[in-house]
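> quick one: sequence and predicted model below, then my questions.
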Amino acid sequence: EAGVAQSPRYKIIEKRQSVAFWCNPISGHATLYWYQQILGQGPKLLIQFQNNGVVDDSQLPKDRFSAERLKGVDSTLKIQPAKLEDSAVYLCASSPWDGLKGYTFGSGTRLTVV
Amino acid sequence: LAKTTQPISMDSYEGQEVNITCSHNNIATNDYITWYQQFPSQGPRFIIQGYKTKVTNEVASLFIPADRKSSTLSLPRVSLSDTAVYYCLVGDNQAGTALIFGKGTTLSVSS
């Protein structure tokens, strides 16, 4: 079974620039999540999709972050404009709508804002 | 989701058994205890899940006492490759429940 694919693997941008991350979940997984992981901390949930609808985006800084999941498959997460504190690893995960043990995470995109 | 408390870090040597304890005093009746492992530069991956008593798989064992207010992840005979961050999560196992991570326990295994 193919894993969760994310790109790019690394990204360096200047503050106030925009950036987008892409995620391709495991085929058939209904639920997709974006997490932000700052160095030394556990992943923080940003947004949860069920198919192409948003289930929870309460932790997403909506003034600068946006996410979409068109056709209930791939997803993109965008930051515009970026701030220094957005430097982190952005992890995408998918699950088959099956509780806490079914998550599969991608390797993440490491964002550095300078 | 119930709040969890686990040690920030632990050190061990190759070949030893490692036990990581997680406290979850406010665990609800419907909650399960789930552990994830995260290697550097990778996303977390599922290790083990349990509701009560003992669960064992090819990677680890999970011990849960009768009151379920704590749990212990046991890693037998660790190797250098077990160096990782281990997260204890507690929540109901219903479809769509999101994983909410704490800081986890950083396990360092030395030779």
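Ah, there it is. Since we're looking at a predicted model, the values are computed, not measured. Numbering: from 1, shown residues only, chains lettered A, B, ... in the order given.
> spatially nearest residue to the residue of chain A found nearest chain B, not counting backbone neighbours?
In chain A, the residue that lies nearest chain B is A:Phe105 (2.6 Å; CB to the nearest CB). Quick note: C-beta positions are derived from backbone N, CA and C, even for glycine. Spatially, and ignoring its direct neighbours in sequence, A:Phe105 is nearest to B:Gly43 (2.6 Å; CB to CB, 6 or more residues apart in numbering or on different chains).
> need the contact list for the one you found.
B:Gly43 makes contact with A:Val4, A:Pro43, A:Leu91, A:Ala93, A:Phe105, A:Gly106, A:Ser107, A:Gly108, according to CB atoms under 8 Å, 6 or more residues apart in numbering or on different chains.
> stretch B:103-111 near chain A anywhere?
Yes: using CB under 8 Å from any CB of the partner chain, stretch B:103-111 reaches chain A at B:Lys103, B:Gly104.
> I'd like the average pLDDT over that stretch.
Mean pLDDT, stretch B:103-111: 96.
> who touches it?
A:40-42, B:6-14, B:18, B:20, B:38, B:75, B:78-88.
> filter the residues you listed down to the buried ones.
Buried subset of these (neighbour count, 16 or more other CB atoms under 10 Å in any protein chain shown): A:42, B:6, B:10, B:12, B:18, B:20, B:38, B:75, B:78, B:82-88.
> from these, which land in strands?
B:Met10, B:Ser12, B:Val18, B:Ile20, B:Gln38, B:Leu75, B:Ala84, B:Val85, B:Tyr86, B:Tyr87, B:Cys88 (DSSP state E).
> nearest spatial neighbour of the fourth one, chain-adjacent residues omitted?
Okay, so that is B:Ile20. B:Leu73 (4.6 Å).
> the first one too?
Beyond its immediate neighbours in the sequence, the residue positioned closest to B:Met10 (CB to CB, 6+ apart) is B:Leu107, lying 5.1 Å away.
> please identify the helix or strand for that neighbour.
strand B:105-110 (DSSP states H and E).
> what pairs with that strand, parallel or antiparallel?
strand B:9-13 (parallel), strand B:84-92 (antiparallel) (DSSP bridges).
> against A:Thr109, how distant is the residue of chain B found nearest chain A?
Nearest to chain A in chain B, going by CB to the nearest CB, is B:Gly43, at a distance of 2.6 Å. Per CB to CB, to the nearest Å, B:Gly43 is found 11 Å from A:Thr109.
> got the contact list for the most centrally placed residue in chain A?
Here the mean C-alpha position of chain A is nearest to the C-alpha of A:Trp34 (CA atoms, centre = their mean), at a distance of 3.0 Å. Counting by CB under 8 Å, 6+ apart, A:Trp34 makes contact with A:Cys23, A:Leu45, A:Leu46, A:Ile47, A:Ala67, A:Ser75, A:Leu77, A:Tyr90, A:Leu91, A:Cys92.
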